[in-house]
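[1] What follows is a predicted protein model with its sequence.
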Amino acid sequence: MHRGTLYVDPALKLLTIRLMKLTTPSTKRKVVIPDVDPTSYLLNNEDDDEDTPPPDFSMAAGDFVGIYSNPREVGQWDAVVCCFFLDAAPSIVEYIQVIYNMLKDDGILLNFGPLLYHWSGPAMRPDDRTIQDYQSRFSYLDSRYMSSVDICWEDVREILINVGFEFLEEKVGIRSLYTADRRAMMNMAYRCIHFVARKRGPNSKPTQQKASNGGKPS
């Protein structure tokens, strides 16, 4: 489940930037987004039985919390997959609670990404003597920038457990690029977190966690 909003800036940067290129033709390479046609892939999957109907694939545009906190979504989903998504929340705690509620008992949350916190507000300055001074200086910003709480992975992990998730797998420090040109001479790399967590239901049994590095940064 990727972001419900298409952010133009990273894509525009890839289209217009001419720095850090090895050759002139590399600035004019054809890029297809998405790189595969989802419909063709789903209808022509050779692993599927001929009598198996195609998956019910759809898209929803809008605010994630506004759509999936609706009562009709509660307990309806077997799994939620997040890629560079959780940190796009104004409140990561709220996103985790919504995902927990929309999953069925024993439903799976699979996550991969960093904790960049897109709604993190600007830094305070020494002349911001009070929080009111700070908020007044940035009153033109969306109020969500002023309410974002940027917490570390250990705290996010504890929140997931307290909400009701049980960790099945966990890996920390996986190198990954995002909106990057692999042929350029410079890219930003993230050390991402991958985890698989299960929603504990009334009849769920504890499952031993698998972790390649004990959940600690490598």
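    Yes, it's here. Residues are numbered from 1 along each chain as shown.

[2] So which bits of stretch 121-128 are buried?
    Neighbour counts over stretch 121-128 (16 or more other C-beta atoms under 10 Å) mark Gly121 as buried. For glycine as for every other residue, the C-beta is placed from the backbone atoms N, C-alpha and C.

[3] How far off centre is it?
    28 Å (C-alpha atoms, centre = their mean, to the nearest Å).

[4] likewise stretch 191-199?
    Chain-centre distance of stretch 191-199: 11 Å, with C-alpha atoms, centre = their mean.

[5] From what I see, Glu169 and Arg198 are in contact.
    No: applying C-beta atoms under 8 Å, one finds Glu169 not in contact with Arg198, separated by 10.1 Å.

[6] Could you check which of these two has the larger neighbour count?
    Neighbour totals were compared for Glu169 and Arg198, and Arg198 leads with 19 against 14 (other C-beta atoms under 10 Å).

[7] Then that one would be within a strand, right?
    Yes: Arg198: assigned to a strand according to DSSP: H, G, I helix; E, B strand; the rest coil.

[8] ok, the closest residue to it other than its chain neighbours to Asn187 distance?
    Excluding the flanking residues, the one nearest Arg198 by C-beta to C-beta, 6 or more residues apart in numbering is Glu166, at 5.0 Å. According to C-beta to C-beta, to the nearest Å, Glu166 stands 35 Å off from Asn187.

[9] quick one: low-confidence ranges for this structure?
    Across the chain, the ranges flagged by pLDDT under 70 are 1-19, 45-51, 54, 203, 205-218.

[10] Give the phi and psi angles for Trp77, as a check.
    phi -120, psi 140 (degrees, to the nearest 10).

[11] So it versus Asp133, what's the distance?
    For Trp77, the distance to Asp133 - C-beta to C-beta - is 44 Å.

[12] Arg191 too?
    According to C-beta to C-beta, Arg191 stands 35 Å off from Asp133.

[13] Repeat that for Ile99.
    36 Å.

[14] which one of the two has more residues nearby?
    Legend: neighbour count by other C-beta under 10 Å for Ile99 and Asp133, higher for Ile99 (25 against 12).

[15] helix/strand/coil for the closest residue in space to the more buried one that isn't next to it in sequence?
    Spatial nearest neighbour of Ile99, excluding adjacent residues (C-beta to C-beta, 6+ apart): Val80 at 5.1 Å. What three-state DSSP gives for Val80 is strand.

[16] Val80 reaches Tyr100, doesn't it?
    No: using C-beta under 8 Å, Val80 makes no contact with Tyr100, being 9.3 Å away.

[17] any common contacting residues for these two?
    Residues touching both Val80 and Tyr100 (C-beta atoms under 8 Å, 6 or more residues apart in numbering): Leu109.

[18] mind checking how far Phe85 is from Ile161?
    In terms of C-beta to C-beta, Phe85 sits 20 Å off from Ile161.

[19] So these two - more neighbours on which side?
    A count of neighbours by other C-beta under 10 Å puts Phe85 above the other of Phe85 and Ile161, at 19 against 13.
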